[in-house]
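Got a sequence here, can you model it:
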Amino acid sequence: MITLHAIEPGEWPLYRDLRLQALAESPDAFGSTLEAEAGRADEAWSSRIATLAAGQDQAFFARHNEAVCGLVWCKLAAQEPERADLYQMWVAPASRGQGAGRALLDGAIAWAAAQGAKCLCLGVTVGDTPAMHLYRSVGFRPSGPVEPLREGSRLTSQPMALRLDAAR
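Sure, this is the predicted structure:
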């Protein structure tokens, strides 16, 4: 069974470990890299999770049979109060196909809508991937030109958006 819960400040070590696992396992899915994040001090990880208390961000863990198996980070856009952005979406390989990705996405959508966002935005690596299929199945649509995934990468990222004020 898949369950979802908001990450709490004391869970920063678990968040750190899962984030690094995600970057190691799926390096082509993220704008950041394992090398860039692995060297962060514990204080930086703790501080990142502490920002959740301010209310502009929300992060969730997915659990599969009580084991943490996925995460997602949502952030309200500072300059656009009706926009939220989704980052760091990842599900551990052993839990893929069990509904964790959909649960994380549903949690992010519900949080963004509850914050008054009218649009949820993300970037996804271009390809015929389960992530792209999941986002499209929920109603995300391309929202801008394809751009480089990160500096020095040959991969590209497709910006996508989901209107939260439209009937889904």
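
Next SSE downstream of the strand or helix carrying Arg136?
In the assignment (DSSP states H and E), Arg136 maps to helix 130-138. Using DSSP H and E, the helix or strand that follows helix 130-138 towards the C-terminus is strand 141-142.

I'd like the average pLDDT over that next one.
Averaging pLDDT along strand 141-142 yields 96.

Please compute how far it lies from its chain's middle.
Taking C-alpha atoms, centre = their mean, to the nearest Å, one finds the center of strand 141-142 at 17 Å from the center of the full chain.

Does anything pack onto it? Which helices or strands?
Other helices and strands packing on strand 141-142, by 3 or more C-beta pairs under 8 Å, 6 or more residues apart in numbering; DSSP states H and E, are strand 156-163. Bear in mind the C-beta positions are built from the backbone N, C-alpha and C, glycine included.

can you pull the buried residues of the strand it packs on?
Neighbour counts over strand 156-163 (16 or more other C-beta atoms under 10 Å) mark Ser157, Gln158, Met160, Ala161, Leu162 as buried.

before we move on, what about stretch 117-131?
Of all the residues in stretch 117-131, those buried under the rule 16+ other C-beta under 10 Å are Ala117, Lys118, Cys119, Leu120, Cys121, Leu122, Gly123, Val124, Thr125, Ala131.
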